[in-house]
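**Student:** Turn this into a structure:
(chains A and B)
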2 protein chains.
Amino acid sequence: MSGERHWPTLDDVRALDAADTLGTCRDRFALPDGVIYLDGNSLGALPRASAARIAQTVTREWGGDLIASWNKHGWIDAPARLGARIAPLIGAAADEVIVADSTSANLFKLIVAACQARPGRSMILTEPGNFPTDLYIAQGVATTLPGRQVSAAADIVAAIDGDTAVVVLTHVHYKTGAMRDMHAITAAAHAAGALMLWDLSHSVGAVEVDLEGCGADLAVGCGYKYLNGGPGAPAFLYVARALHGTLASPMTGWMGHAAPFDFGDDYAPADGMKRFLCGTPPIIGMAALDAGLDTFDSVAMADVVAKSRALSELLIAGIDARCPGLTMASPRDAAMRGSHVSVAHPNAWEICQALIARGVIGDFRAPDVLRLGLTPLYTRFEDVWQAVEIIADVLARETWRDPAYAVRAAVT
Amino acid sequence: MSGERHWPTLDDVRALDAADTLGTCRDRFALPDGVIYLDGNSLGALPRASAARIAQTVTREWGGDLIASWNKHGWIDAPARLGARIAPLIGAAADEVIVADSTSANLFKLIVAACQARPGRSMILTEPGNFPTDLYIAQGVATTLPGRQVSAAADIVAAIDGDTAVVVLTHVHYKTGAMRDMHAITAAAHAAGALMLWDLSHSVGAVEVDLEGCGADLAVGCGYKYLNGGPGAPAFLYVARALHGTLASPMTGWMGHAAPFDFGDDYAPADGMKRFLCGTPPIIGMAALDAGLDTFDSVAMADVVAKSRALSELLIAGIDARCPGLTMASPRDAAMRGSHVSVAHPNAWEICQALIARGVIGDFRAPDVLRLGLTPLYTRFEDVWQAVEIIADVLARETWRDPAYAVRAAVT
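**Tutor:** I've put the predicted structure just below:
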């Protein structure tokens, strides 16, 4: 089928799948037939066990034990319990991570907390083109707190200075897949006396993250991408233990109180990560995230990272060999790339739609990017190979020119 | 069984149930056998249709259609769609309510927004003993915004003055069940140029609320009490249409952007209520809340309000007639009372536990309150009657003195 250099045969990639130490993990997911799902970086696939786990929480716990479930089924401890499960995936200790609210809300809490911990500094430093909610929340904090401003610098390390309160960066870029050097940038922030906040939304569960190893102060991340926690899953936040006593959340809801069930009139922050809780935890969403985290049981992150790289190397080789007209928009150096590969094309929207019609689910990011996510727990080497062949066919035959594929949807 | 004045017979209350226009609504709930559930004001019971509704969202939508579900199944519109369903329960227009985040997070957004809309005024006015998260969030806002402070005044109307930026009150008090006069207090706030923010958590779905009629500016409320949306359900917020253009949320997450899927670098608030969204909506929780709202289909709020009053009048009559030793902690005037009745006793904790052992589920609120919630859609007159007889028996025989009932749980 393909005589180009560096492009293996179907038998070759099937041999890779047969030898894959994570190969059996795919059985943990209920993937629809006829679909090659390359969008787990946007919404992780449904774990096979999730429906039953959620049904148990709904029917037996909520329905059967009603209000008693807060104690009887440990609902009240879910934020800390799930945080402790995420911790080993990001190089954190169990008591440094808690699950709460959305990534956006957690960004708000931590950017405000960081600014207040650096009272003499005015700058929230980030990069242009960062994931929008990171930029928007930083702008909202600057509008809310007096004397703060947001600076977006392409050369982050050069821009860090004595006026920088906090550096807010995404570890793996949502559009390009470019992966930042957490050690170097965290060190640069610290050298200038600033705090470092990492958004791990496109990292957690797919690439190596070592928050403690690089001395990061703060992090947030998403539960519904590689963690497979379901649409709009609760998010998480991390605060390095050394800062537990000094940082405080502005969103001082009752779940962050030292003694919420004393119902006192005065706020007093809980010790540790619980002070970063706000309202009542979303228990059904927590159950779904719990089932999502189960998909990492007995999985070594080193194997996940190795497979992510092998999958993306195969995909890039296929794009180079089989897909003329696509421009690589992701770093070619695997050490600088996360677990998705992006390509640019003036008609990326139409191509994305034409691929969906052929069962290859990636996504479009304005203005011209087709994004293809590789989820080590369920993406097979054969999936990548077949996807490349379908992309090649859509390009060669220009099937994307069908006017039906030009229609824009509400969510893109 | 009972010869006291004003206390009906079992046949009498069964006749009330038989004549109840809401009597068939109880079939919409999956209540466990052997339980008289008087805690729907804390966690609403499981609607019978919820499990299937949630399973559809999980298995068919998430599992089957994956990322396409944001458009195909209207996930992206869930916050506005569910807000429009809540609106008629609180006297609001469909476009004045949106579902998002937790009650606590929504309080934070709206108190900050209100303070910023009244820049020359320093005071966030509330009452001592308000639900803790209302107090704590107000205190958090005062810590975050410069020059703001919280004042807690027992006589709210007398305390409103030209320095009041916003008055933050709970309509129905979580502990006593006392119901505030929304018209009078809102008018007093407006007369002084302050904004009025109502917490409807213990009101919505159980008592009459007319936000537009009383000219309220702002409101928040809970999805997991009388709305039956499940533990930690998404909450809602209301902003009067006249303020839509001027108020802004500090939590400027991407879902509140005018064009979130343009992925631009600069925040621009959406029109209308969408600017009060923050992160990605919790879709599974939204599905559960949707099923909770279905329990109000074809139900007239006037019937709900009338039944709530009749149930609480019966309960109060029973406590008076049959339960010496309990002190009424709720207003006796039904016009000043919400849909729960609270009684005080020095051993309220132990009595609450002894009642739970007998299948009567109320709850305890520190230091000495036993709280009994009446949910018009599923509480029967016979339930109230039986509960009174069991309370009377526990008191008469002092079964609450069993040491097992003194053990405190994590969540009370």
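
**Student:** Show me the helices in chain A, by range?
**Tutor:** When assigned using DSSP state H, the helices of chain A occupy the ranges A:10-19, A:50-55, A:69-72, A:78-86, A:103-117, A:132-144, A:156-159, A:182-191, A:283-294, A:301-322, A:348-357, A:381-397.

**Student:** how near is residue A:101 to residue B:180?
**Tutor:** Distance, residue A:101 to residue B:180, by CB to CB, to the nearest Å: 29 Å. (Glycine included, C-beta is placed from N, CA and C.)

**Student:** So for the two, which residue has more residues nearby?
**Tutor:** Neighbour count, other CB atoms under 10 Å in any protein chain shown: between residue A:101 and residue B:180, residue A:101 has more, with 32 against 19.

**Student:** Now for the more buried one: which residues touch it?
**Tutor:** Counting by CB atoms under 8 Å, 6 or more residues apart in numbering or on different chains, residue A:101 touches A:109, A:234-235, A:278-279, B:101-102, B:105, B:279.

**Student:** can I get the residues you listed in a markdown table with distance to residue B:55 and pLDDT?
**Tutor:** Formatted as a markdown table, the contacts of residue A:101 follow (distance: CB to CB, whole Å; pLDDT from 0 to 100):
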| residue | distance to residue B:55 | pLDDT |
| --- | --- | --- |
| A:109 | 33 | 98 |
| A:234 | 20 | 98 |
| A:235 | 24 | 98 |
| A:278 | 29 | 98 |
| A:279 | 26 | 98 |
| B:101 | 25 | 98 |
| B:102 | 24 | 98 |
| B:105 | 28 | 98 |
| B:279 | 25 | 98 |
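
**Student:** Who are the packing partners of the longest strand seen in chain A?
**Tutor:** In chain A, with assignment by DSSP state E, the single longest strand is strand A:164-170. Using 3 or more CB pairs under 8 Å, 6 or more residues apart in numbering or on different chains; DSSP states H and E, the elements in contact with strand A:164-170 are helix A:103-117, strand A:123-126, helix A:132-144, helix A:182-191, strand A:195-199.

**Student:** and the first one with chain B, contact?
**Tutor:** Yes: interface with chain B: helix A:103-117 contributes A:103-105, A:107-108, A:112 (CB under 8 Å from any CB of the partner chain).

**Student:** hmm, who's touching stretch A:109-120?
**Tutor:** A:101, A:121, A:124, A:137-138, A:141, A:144-145, A:148, A:165-166, A:168, A:193-195, A:197, A:217-218, A:220, A:237, A:239, A:243, A:246-251, A:276, A:278, B:144.

**Student:** thinking in terms of the whole chain, how far from its middle is it?
**Tutor:** Centroid separation for stretch A:109-120 versus its chain: 23 Å, with CA atoms, centre = their mean, to the nearest Å.

**Student:** which residues touch stretch A:257-267?
**Tutor:** Residues from elsewhere that reach stretch A:257-267 (CB under 8 Å, 6+ apart): A:252, A:254, A:268-271, B:128-130, B:132, B:135-136, B:139-140, B:152, B:175, B:365-366, B:410-412.

**Student:** quick one: which of the residues you listed sit in strands?
**Tutor:** B:152, B:365.

**Student:** Narrow the contacts of stretch A:257-267 to those that are buried.
**Tutor:** Among the contacts of stretch A:257-267, those that count as buried by neighbour count (16 or more other CB atoms under 10 Å in any protein chain shown) are A:252, A:254, A:269, B:129-130, B:132, B:135-136, B:139-140, B:152, B:175, B:365, B:411-412.

**Student:** just the contacts of residue A:101 now: which is nearest residue A:57?
**Tutor:** Nearest to residue A:57 among these: residue A:234, at 13.4 Å, using CB to CB.

**Student:** Output the residues of helix A:103-117 next to chain B as JSON lines; include the columns distance to residue A:350 and neighbour count.
**Tutor:** Formatted as JSON lines, these follow (distance: CB to CB, whole Å; neighbours: other CB atoms under 10 Å in any protein chain shown):
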{"residue": "A:103", "distance to residue A:350": "30", "neighbour count": "30"}
{"residue": "A:104", "distance to residue A:350": "31", "neighbour count": "28"}
{"residue": "A:105", "distance to residue A:350": "35", "neighbour count": "29"}
{"residue": "A:107", "distance to residue A:350": "33", "neighbour count": "32"}
{"residue": "A:108", "distance to residue A:350": "37", "neighbour count": "33"}
{"residue": "A:112", "distance to residue A:350": "42", "neighbour count": "27"}
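
**Student:** how close does the residue in the stretch 151-300 of chain A positioned nearest to chain B sit to residue B:105?
**Tutor:** For the stretch 151-300 of chain A, the residue closest to chain B is residue A:279, as judged by CB to the nearest CB, at 2.5 Å. Distance of residue A:279 to residue B:105, computed by CB to CB: 6 Å.

**Student:** same question, residue A:73
**Tutor:** Plainly put, residue A:73 is 24 Å away from residue B:105 if you go by CB to CB.

**Student:** Mind listing the shared neighbours of residue A:279 and residue B:105?
**Tutor:** Taking CB under 8 Å, 6+ apart as the criterion, residue A:279 and residue B:105 both touch A:101, A:253, B:235.

**Student:** I'd guessed the second one sits against residue A:278; true?
**Tutor:** Yes: proximity of residue A:253 to residue A:278 meets the contact threshold set by CB atoms under 8 Å, at 3.5 Å.
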